[in-house]
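> Give me the fold of what follows.
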Amino acid sequence: MPMPLVECIPNFSEARRPEVVESILQSIRSVPGVRVLDHHSDLDHNRTVITFVGDPASVEEAAFQSIAKAATLIDLDKHTGEHPRIGATDVVPFVPLNNMTTQECVEMARRLGQRVGSKLNIPVYLYEEAATRPERQNLENIRKGQYEALKVEMGVNPARDPDFGPKSIGPAGATVIGARQPLIAFNVYLTTDDVTIAQKIAKAIRFSSGGMRYIKSIGLLVDGRAQVSMNMTNYRQSPIARVVELVRREAARYGVAIHHTELVGLTPQEALIDAAVWYLQLDQFEPAQILEQRLFEVQPAQPEGQTANAEPGFLDQLASASPTPGGGSASAHTAAAAAALVAMVARLTIGKKKYVDVEAQMWPLIDQADALRADFIHAVEEDSAAFDAFMASVKLPKDTPEQLAAREAAMESANLQAIKVPLSVAGKCITVLELAQKVSGLGNLNAISDGGTAAALAGAALTGASLNVQVNCQSLHDQQAAATFLAELHTLENKAAELQAAIKKIIADRKGINLV
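Now for the predicted structure:
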């Protein structure tokens, strides 16, 4: 399967200082796994748009670094420009490309927003698909009055409070982060310097004032010409050619024409092909008639997946004659699967009209489940490392009293770690069970069996971890510590039994069935 690929197109409130733009670009390029595809600076707008792509984790990190860099270099109290703005980093959209979903981009936006708010102390609003309120889906609503209005209203008017970060605004302003489908930023320059004509045309074509669906537009004066600046949020439903012709007709009403047009940043190839087909009236056109398309299709495919020399997967290692990974690692791995299922049920609940009332409760569950899954995956390695350390201590020399004492101390320390790792896994399994109880009770009914499976796996993982704790406690010299561990384990096992029984009842009640 191809590597997941996501696009990020942050807009920065700076274009007139090239050194600042270059510093921001460098902050993005410094993150491995990210490739900058394009950057466009408009002096009149005093705005730079950067387009970069990469794997989700790398893109998310690059976005954070660019926001942090812009916050140190751009002062909104001194900024002027034609384009509306509320922040040094004004807007940061994530766009799903290969093997990515809009939902995954929404989660990226939420994680980044929380991090920017807490680490950089910058107010963050979520918009488009990531919006937490219907009125915040449209960027224009968030940017109403721009930076100057937010300075006055934030912290006073609850409607202007951010989703993350402080309820006060500094010279870096606020940042809007979200997820959306591919957007085309497109400008039309007119054969006039009368900006009121551009403003009238913009009003006529934009959806919010009765124009074309998926078109957002404003009229500006740029480079001495009236400009209709547009964002096209769905080029398939409102194609470029149709928009241009509407602008042309509206302009003719005022005795002016189109001087030239301009793309800001990148555009999908499909949008330009559609425009060419429309203007040339190629009714029988097929994409396969494009030479480059055919060349791309006949290029040899890159090998995917593991090579013959690739390291075997976890289950292959588990089945080998090696003592590690063993039962403790397998328990942690099983617990990770349980946490993953909890997150899946929550994700299947978000975005469904039937469950809109519980959507806000699902997001924290996803965050917790994903964090637990990462902890369990780390515990897989920790458990193997603890066993390897114990085996290494057994092989230490013991010919002298000093060597024997050192050997026993090393064995005790390694054995202690071999107890603490599975005990920690067992404790976190209780948290997974609590999350499974919540998603089973509130989540998508169609996925309720997945919530039950998560509970069953968490219970099995706890049982496996428990066995490792009990066996290793027998070898511990400090029997008082061993007794404490076993008592804690007994409490966890009782709690797990209660939670599993409660989850089973929830499933039976919600589905109206008898579970054996």
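> Now do the same for residue 354: its pLDDT.
If you check residue 354, the pLDDT there is 93.
> contacting residues around residue 450?
Counting by Cβ atoms under 8 Å, 6 or more residues apart in numbering, residue 450 touches 341, 344, 345. No exception for glycine: its C-beta is placed from N, CA and C like everyone else's.
> May I ask which helix or strand encompasses it?
Element membership for residue 450, per DSSP states H and E: helix 448-474.
> which is the next helix or strand following that helix?
For helix 448-474, the succeeding helix or strand toward the C-terminus, using DSSP H and E, is helix 479-511.
> what helices or strands is that next one leaning on?
Using 3 or more Cβ pairs under 8 Å, 6 or more residues apart in numbering; DSSP states H and E as the contact test, the elements touching helix 479-511 are helix 401-442, helix 448-474.
> Show me what counts as buried in that helix.
By neighbour count with 16 or more other Cβ atoms under 10 Å, helix 479-511 contains the buried residues 482, 485-486, 489, 492, 495-496, 499-500, 502-504, 506-507.
> can you put the residues you listed in a markdown table and add distance to residue 411 and pLDDT?
Below are those laid out as a markdown table (distance: Cβ to Cβ, whole Å; pLDDT from 0 to 100):
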| residue | distance to residue 411 | pLDDT |
| --- | --- | --- |
| 482 | 14 | 90 |
| 485 | 17 | 93 |
| 486 | 20 | 94 |
| 489 | 21 | 93 |
| 492 | 26 | 95 |
| 495 | 32 | 96 |
| 496 | 30 | 95 |
| 499 | 36 | 95 |
| 500 | 36 | 94 |
| 502 | 41 | 95 |
| 503 | 40 | 95 |
| 504 | 42 | 93 |
| 506 | 45 | 95 |
| 507 | 45 | 94 |
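> now the stretch 1-150 of the chain, which segments are flagged as low pLDDT?
1 (pLDDT under 70).
> and if you look at the stretch 201-350 of the chain?
Ranges of the stretch 201-350 of the chain meeting pLDDT under 70: 296-312.
> just the strands in it please.
Along the stretch 201-350 of the chain, counting by DSSP state E, counting those that start in this stretch, strands occupy 215-222, 225-232, 258-264.
> What's the local residue count around residue 249?
12 (other Cβ atoms under 10 Å).
> go on, the one 10 residues further on?
In terms of burial, residue 259 registers 14 neighbours under the definition other Cβ under 10 Å.
> Over to the one 4 residues further on?
When neighbours are defined as other Cβ under 10 Å, residue 263 has 15 of them.
> Spatially nearest residue to it (excluding sequence neighbours)?
residue 186 (6.1 Å; Cβ to Cβ, 6 or more residues apart in numbering).
> Just grab the bridge partners of that neighbour for me.
residue 230, residue 263 (DSSP bridges).
> unless I'm mixing things up, it is touching residue 241, no?
No. Residue 186 is beyond contact range of residue 241, at 11.3 Å (criterion: Cβ atoms under 8 Å).
> who has more neighbours, those two?
Higher neighbour count among residue 186 and residue 241: residue 186, with 24 against 15, using other Cβ under 10 Å.
> Can you name the residues that contact that one?
Contacts of residue 186 by Cβ under 8 Å, 6+ apart are 230, 231, 232, 240, 243, 261, 262, 263, 264, 267.
> Please report phi then psi for the residue of the chain most remote from its centre.
What lies farthest from the middle of the chain is residue 400; by Cα atoms, centre = their mean that is 57.5 Å. The phi/psi pair for residue 400 (degrees, to the nearest 10) reads phi -120, psi 160.
> before we move on, what about residue 256?
phi -120, psi 170.
> From what I see, residue 384 and residue 327 are in contact.
No. The criterion here is Cβ under 8 Å, and residue 384 misses it with residue 327 at 10.9 Å.
> Pick out whichever of the two has more residues nearby.
residue 384 (20 against 16).
> Can you tell me how far the more buried one is from residue 357?
44 Å (Cβ to Cβ, to the nearest Å).
> Would you state the helices of the stretch 251-400 of the chain in chain order?
For the stretch 251-400 of the chain, the helices defined by DSSP state H, counting those that start in this stretch occupy 269-280, 291-298, 314-319, 327-349, 359-394.
> which of the ones you listed sits most buried?
Most buried of the helices of the stretch 251-400 of the chain, by mean neighbour count (mean count of other Cβ atoms under 10 Å): helix 327-349, with a mean of 25.
> now for it, which elements pack on it?
helix 314-319, helix 359-394, helix 401-442, helix 448-474.
> can you put the ones you listed in a markdown table and add distance to residue 98?
Converted to a markdown table, the helices and strands packed on helix 327-349 look like this (distance: least, Cβ to Cβ, whole Å):
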| stretch | distance to residue 98 |
| --- | --- |
| helix 314-319 | 25 |
| helix 359-394 | 21 |
| helix 401-442 | 29 |
| helix 448-474 | 26 |
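> of all the ones you listed, which lies closest to residue 45?
helix 359-394 (34.4 Å; Cβ to Cβ).
> The closest one packs against which elements?
Other elements packing on helix 359-394 under the criterion 3+ Cβ pairs under 8 Å, 6+ apart are helix 327-349, helix 401-442.
> mind running it again at 10 Å?
Contact analysis of helix 359-394 by 3 or more Cβ pairs under 10 Å, 6 or more residues apart in numbering; DSSP states H and E lists helix 102-119, helix 314-319, helix 327-349, helix 401-442, helix 448-474 as its packing neighbours.
> Tell me which of these lies nearest to residue 38.
Using Cβ to Cβ, those put helix 102-119 closest to residue 38, at 19.3 Å.
> What helices and strands are in contact with the closest one?
Helices and strands touching helix 102-119, by 3+ Cβ pairs under 10 Å, 6+ apart, are strand 6-8, helix 56-73, strand 89-96, strand 124-128, strand 175-179, helix 327-349, helix 359-394.
> Distance-wise, check the residue nearest to residue 263 relative to residue 81.
Taking Cβ to Cβ as the measure, residue 186 falls 19 Å from residue 81.
> what's the most distant pair in the buried residues of helix 479-511?
Spatially, the most separated pair among these is 482 and 507, at 37.2 Å (Cβ to Cβ).
> give me the number of residues near the closest residue in space to residue 499 that isn't next to it in sequence?
What sits nearest to residue 499 in space, not counting adjacent residues and going by Cβ to Cβ, 6+ apart, is residue 433, at 4.1 Å. If you count neighbours by other Cβ under 10 Å, residue 433 ends up with 27.
> Same check on the one 10 residues further on?
With neighbours defined by other Cβ under 10 Å, the count for residue 443 comes to 28.
> okay, it: pLDDT?
At residue 443, pLDDT is 94.
> Just read off the phi/psi values of it.
phi -80, psi -180.
> Surely it and residue 350 touch.
Yes. Counting by Cβ atoms under 10 Å, residue 443 does reach residue 350; the two are 9.5 Å apart.
> Name the residues contacting each of the two.
358, 362, 365 (Cβ atoms under 10 Å, 6 or more residues apart in numbering).
> What separation is there between the first one and residue 113?
So that's residue 358. Applying Cβ to Cβ, the value for residue 358 to residue 113 is 21 Å.
> Pick out whichever of the two has more residues nearby.
residue 113 (26 against 19).
> how about the residue lying closest to that one once chain neighbours are set aside, what does it touch?
What sits nearest to residue 113 in space, not counting adjacent residues and going by Cβ to Cβ, 6+ apart, is residue 124, at 4.1 Å. The neighbourhood of residue 124, defined by Cβ under 10 Å, 6+ apart, consists of 67, 87, 89, 92, 109-110, 112-118, 162-166, 174-177.
> shouldn't residue 24 be in contact with residue 70?
Yes. Using Cβ under 10 Å, residue 24 is in contact with residue 70, at 5.6 Å.
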